[in-house]
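**Student:** Sequence and predicted model, in that order:
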Amino acid sequence: MRIDIISVVPDLMRSPFAESIMKRAQDAGLVSVHFHNLRDYSANNYKQVDDYPYGGGAGMVLMIEPIDKCIAQLKAARDYDAVIYMTPDGNVLDQGMANKLSLLTNIIVLCGHYKGVDQRVRDLYVTHEISIGDYVLSGGELAAAVLCDSLIRLVPGVLGNETSALTDSFQDGLLAPPVYTRPADYKGNKVPDVLTSGNTPKVEAWREKEALKRTKEKRPDLL
Ligand code: ADE
């Protein structure tokens with residue numbers, strides 16, 4: 001999978017991609033991530049990429065021209081399966097969406113900033129509009145990092161144990177069951193006996209029961 005991220009502040013996003021699973025995925029050649037600074041595509045010497053909104057009002061709007069240039073340059077080099085715009089008024093990201101998007105080969109992720117992008121960008125180029133929740137961030141960068149993390153961990157081969165994404169919360173419509181590690185007894189607080197029993201079918205049954213219980217308690221809306 002190749003991910004091209006367009007932003008006015010790409011440095012805001014670099015560190016999540018330079019650590020842990022997102023880094024390992026890139027090092028293993030399973031995913032490549034490319035940052036594009038919108039200012040490099042500005043048409044003027046001041047590297048301007050935003051302007052006042054027509055009709056007045058607070059805030060600045062990202063201009064169409066630099067975005068058009070950047071997307072055109074990317075599309076001239078390869079085909080893209082999706083141009084995703086991160087925006088609080090998009091479809092709220094969930095595991096089902098992440099599963100589908102993780103199957104794509106080349107994607108562009110456009111980060112909004114200030115008041116957002118000129119509507120013509122959304123009308124002309126954007127194929128998916130995604131929000132990471134009903135709250136407003138200062139820009140789409142952190143949201144893009146969240147989206148990419150959710151996709152990259154699903155790319156085959158990225159997680160050491162191929163089944164481990166399958167046991168994540170939400171993959172079967174339920175929250176994940178509780179997990180424990182050593183010691184089996186910490187100051188009198190014991191791990192459930194079944195987990196140390198060595199009886200795999202019993203462990204599986206316990207996990208299913210606990211996943212259902214946790215989902216009923218915390219997220220009954222999922223059932
Ligand atoms: N940009 C600003 N807020 C956002 C959100 N909640 N999701 C995606 N992009 C955003």
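**Tutor:** Okay, I see it. Because the structure is a prediction, the values reported are computed rather than measured. Residues are numbered from 1 along each chain as shown.
**Student:** If you count neighbours, what's buried in the longest strand belonging to the chain?
**Tutor:** Longest strand in the chain by number of residues (criterion: DSSP state E): strand 82-92. Using 16 or more other CB atoms under 10 Å as the test for burial, strand 82-92 gives Ala82, Val83, Ile84, Tyr85, Met86, Thr87, Pro88, Gly90. Any C-beta I mention is one placed from the backbone N, CA and C, and that applies to glycine too.
**Student:** Val8 versus the residue nearest to the fifth one when sequence neighbours are not counted, what's the distance?
**Tutor:** It stands for Met86. Once flanking residues are discounted, Met86 sits nearest to Gly140: 3.2 Å by CB to CB, 6 or more residues apart in numbering. Computed as CB to CB, to the nearest Å, the Gly140 to Val8 distance reads 10 Å.
**Student:** Repeat that for Val203.
**Tutor:** Distance of Val203 to Val8, computed by CB to CB: 49 Å.
**Student:** of the two, who's got more company?
**Tutor:** Val8 (21 against 16; other CB atoms under 10 Å).
**Student:** my guess is that one contacts Val49, does it?
**Tutor:** Yes: using CB atoms under 8 Å, Val8 is in contact with Val49, at 5.8 Å.
**Student:** which residues do those two both contact?
**Tutor:** Common neighbours of Val8 and Val49 (criterion: CB atoms under 8 Å, 6 or more residues apart in numbering): Leu38, Arg39, Leu62.
**Student:** Select from those residues every entry located in helices.
**Tutor:** Within the shared contacts of Val8 and Val49, no residue falls in helices by DSSP state H.
**Student:** Among these, which one lies nearest to Arg153?
**Tutor:** Distance to Arg153 across the shared contacts of Val8 and Val49 (CB to CB) is lowest for Leu38, with 27.3 Å.
**Student:** what is the mean pLDDT for stretch 152-169?
**Tutor:** Mean per-residue pLDDT for stretch 152-169: 84.
**Student:** List the buried residues in that stretch.
**Tutor:** Of all the residues in stretch 152-169, those buried under the rule 16+ other CB under 10 Å are Ile152, Arg153, Leu154, Val155, Val158, Leu159, Ala165, Asp168, Ser169.
**Student:** CA atoms of it as PDB?
**Tutor:** Only the C-alpha atoms of stretch 152-169 are listed here, as PDB (Å, rounded to 0.1, in the frame of the first residue of the first chain):
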ATOM      1  CA  ILE A 152      -1.600   0.000   8.100                       C
ATOM      2  CA  ARG A 153      -2.100  -2.500  11.000                       C
ATOM      3  CA  LEU A 154      -4.500  -4.400   8.700                       C
ATOM      4  CA  VAL A 155      -2.200  -4.700   5.700                       C
ATOM      5  CA  PRO A 156      -1.300  -8.400   5.400                       C
ATOM      6  CA  GLY A 157       2.100  -9.200   7.000                       C
ATOM      7  CA  VAL A 158       2.300  -6.000   9.100                       C
ATOM      8  CA  LEU A 159       1.400  -7.600  12.400                       C
ATOM      9  CA  GLY A 160       3.800 -10.300  13.400                       C
ATOM     10  CA  ASN A 161       1.000 -12.700  14.300                       C
ATOM     11  CA  GLU A 162      -1.400 -12.800  11.400                       C
ATOM     12  CA  THR A 163      -4.300 -13.400  13.600                       C
ATOM     13  CA  SER A 164      -3.800 -10.600  16.000                       C
ATOM     14  CA  ALA A 165      -5.800  -8.000  14.000                       C
ATOM     15  CA  LEU A 166      -8.600 -10.500  13.900                       C
ATOM     16  CA  THR A 167      -8.800 -10.500  17.700                       C
ATOM     17  CA  ASP A 168      -8.900  -6.700  17.900                       C
ATOM     18  CA  SER A 169     -11.900  -5.000  19.300                       C
END
